[in-house]
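In: mind looking at a prediction? Sequence and model below.
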Amino acid sequence: MRMSRTIALLTCTAALAATTAACSGATKPQAAPDGGAGYEVTPTSPPAKGSLDSFTWSLYAEPYTLDYALAYDYPPNTVLANVCEQLFRVTPDMKIEPGLAVAYKQPDPRTLVYTLRSGVKFHDGTTMTADDVVASLKRQMDPATGSPWGSAFKNVDAIEKTGPLEVTLRLGKADVLLHELMAASPGTIESAAYLKKAGKDYGTPKGGVNCTGPFSLESWDAGSGITLKKNAAYWDPKLAPKSESVKFTFIEDPAARTSAMLSGTADGGYMVPTSSIQQLRTSGKGTLLFGPNTAAADLAVLDLHGPLGNLKVRQALSMALDRKNIVKAAAGGVGVPAKAPAARGAWSLAPEKTAELYDTLPEPVYDVEAAKKLVREAGASGRTITLVTSTLAPEISIVATAVQAAGRQIGLDVKLKSVAPEAYSSIFVDPDARAGLDLVITNGYDNTPDPLEFYQYFRTGDFGNYGNWSNAEYDVAFDRANSEPDPGKRAEKTAELQKIALRELPSIPVYEAPYNVFLGKRITGAPTGIAQLYYPWAATIGAAK
């Protein structure tokens, strides 16, 4: 479950406008076709009609942290999106607008200058300054922090305060993605004084956080729930919360989570259990909505020293997957087979290129006999592949069982290793947690709908390169793309990376589906798509009547 969404800056300096068409603000998210499943993708639910004292939101797991530098999965970011903010903000329709920075300029390819918003208060009442921004960004780079976002700063030579409300990043080489990620976890700002005060307890139930968002952290009862309270001094009146408080509950069991939504114990939740999609759509207890998504379900290779180190074995496993039936079983019939590791929705930055560079890709091949032949040619018949599974989400178990059956058909012994939900999440942030595992089912997503962001994870040495795959041709092509400021030209260069990834399969595409949210009858106003990970979605939720 790794993060990675598009950028169309609504406020750009003349320098940026001269180099990137994204500044037009005209980018439209490209919804994946529904494959006849009968669903509509919209960025928001109907607006709220009134205020609320409180509402309850269901998470499929408890956040393992609220430390912005360690947040690398859906549960922590779903909470943090309402509490902590970035220099820029992803909007529900997958654009980028100013956040804690009001402007940005790039005097040369290796210099990024951010002008900060004045008068912004942290939740403790202190005022945000350039010193807080410098401390927050530098912390991502500190090895002692252990941030999974550290590699995003690999080209940064210096982060400097260059004015009371100005911060400058100096780079060793051009890095388009670094700027785009200032709208995601890498660009999150926390009080420097609070970071120092909280120390190692920062982001835990004991230490808490002190950010600038429309809600503040009121309490975190480990194992039970998290409560946020309205920030009456929030700087953006357009996103003043419509609810006095938000209560998060953690329900790992899919059936219990569905029951909570149907009973009204939980007013809503993102990423509903796929096994309950049809039940929730027809229950009459609320509304299930589908939104823009940049994610695809993939099989990430964790160990290239075992059988999957042979390309023919990876190709065979891909060819043995009955993706259409996997979509029916794992995604409730709402989705399509994935053509590439990065989903179609990740190609929204230059939508005029999507049809040419993604839609023209061939459908994934399903040929069991050809797959058997490849396994025999690789000398891998009877070899064991260990695939990790979990009760974290029902689709994980469904896909795992399908992969096991596919392996059996072609002569591979796919062993399933079940782990607890928290252990499953650890696989994506702790290399030691991957020991003894060959494959993991990921929901690989972009934080910005620039597909290049997803393909950075296959770079040699990247934190998200779980299997330590390395390809010199790929690394050179990535650097070419990441130094191209024009979104259209960058998309063409990203297509070269897509081609290599499909040829070498460091990750095997499975399926993609729209994002979803369930809203009980008493609430409305929520964004529906994956932008909720960095947009203060809870602030827009209010009474439905």
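Out: That came in fine, so what should we check first? It should be emphasised that the depicted structure is a prediction, and the values quoted were computed from it without experimental measurement. Numbering: from 1, shown residues only.

In: and Lys372, that one's in a helix?
Out: Yes: applying DSSP: H, G, I helix; E, B strand; the rest coil, one finds Lys372 inside a helix.

In: right, and it touches Ile410 too?
Out: Yes: under the criterion of CB atoms under 8 Å, Lys372 makes contact with Ile410 at 4.7 Å. All C-beta atoms are positioned from the backbone trio N, CA, C, and that covers glycine.

In: between these two, which contacts overlap?
Out: Common contacts of Lys372 and Ile410 (CB atoms under 8 Å, 6 or more residues apart in numbering): Ala316.

In: quick one: which of the two has more around it?
Out: More crowded of Lys372 and Ile410, by other CB atoms under 10 Å: Ile410, with 23 against 18.

In: might one say that the more buried one is in contact with Leu321?
Out: No: in this structure Ile410 lies outside contact range of Leu321 using CB under 8 Å: 10.3 Å.

In: stretch 286-297: how far from the chain's middle?
Out: Between the centre of stretch 286-297 and the centre of its chain there are 13 Å (CA atoms, centre = their mean, to the nearest Å).

In: likewise for stretch 254-273?
Out: Offset of stretch 254-273 from its chain centre (CA atoms, centre = their mean): 22 Å.

In: can I get it as PDB, trimmed to CA atoms?
Out: In PDB, the C-alpha atoms belonging to stretch 254-273 read as follows (Å, rounded to 0.1, in the frame of the first residue of the first chain):
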ATOM      1  CA  PRO A 254     -15.000  -6.500   6.900                       C
ATOM      2  CA  ALA A 255     -18.400  -7.900   7.900                       C
ATOM      3  CA  ALA A 256     -18.400  -6.000  11.200                       C
ATOM      4  CA  ARG A 257     -17.400  -2.800   9.400                       C
ATOM      5  CA  THR A 258     -20.200  -3.200   6.900                       C
ATOM      6  CA  SER A 259     -22.700  -3.800   9.700                       C
ATOM      7  CA  ALA A 260     -21.500  -0.700  11.400                       C
ATOM      8  CA  MET A 261     -22.200   1.400   8.300                       C
ATOM      9  CA  LEU A 262     -25.600  -0.300   7.800                       C
ATOM     10  CA  SER A 263     -26.700   0.200  11.400                       C
ATOM     11  CA  GLY A 264     -25.500   3.800  11.500                       C
ATOM     12  CA  THR A 265     -22.900   3.100  14.200                       C
ATOM     13  CA  ALA A 266     -20.500   4.500  11.600                       C
ATOM     14  CA  ASP A 267     -21.700   7.300   9.500                       C
ATOM     15  CA  GLY A 268     -19.400   6.500   6.700                       C
ATOM     16  CA  GLY A 269     -16.000   5.400   5.500                       C
ATOM     17  CA  TYR A 270     -13.600   5.200   2.500                       C
ATOM     18  CA  MET A 271     -12.500   2.000   0.900                       C
ATOM     19  CA  VAL A 272     -15.500  -0.100   1.900                       C
ATOM     20  CA  PRO A 273     -15.100  -3.900   1.900                       C
END
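
In: what ranges does the stretch 151-300 of the chain have for its strands?
Out: 156-163, 166-171, 188-189, 215-221, 225-230, 243-250, 268-270, 286-291, 296-301 (DSSP state E, counting those that start in this stretch).

In: what's the most buried one of the ones you listed?
Out: With neighbours taken as mean count of other CB atoms under 10 Å, the strands of the stretch 151-300 of the chain reach their highest mean count in strand 188-189, at a mean of 29.

In: circling back: okay if I get the strands of the stretch 151-300 of the chain as a markdown table plus mean pLDDT?
Out: A markdown table is the format used below for the strands of the stretch 151-300 of the chain (pLDDT from 0 to 100):
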| stretch | mean pLDDT |
| --- | --- |
| strand 156-163 | 98 |
| strand 166-171 | 98 |
| strand 188-189 | 98 |
| strand 215-221 | 98 |
| strand 225-230 | 98 |
| strand 243-250 | 98 |
| strand 268-270 | 98 |
| strand 286-291 | 96 |
| strand 296-301 | 96 |
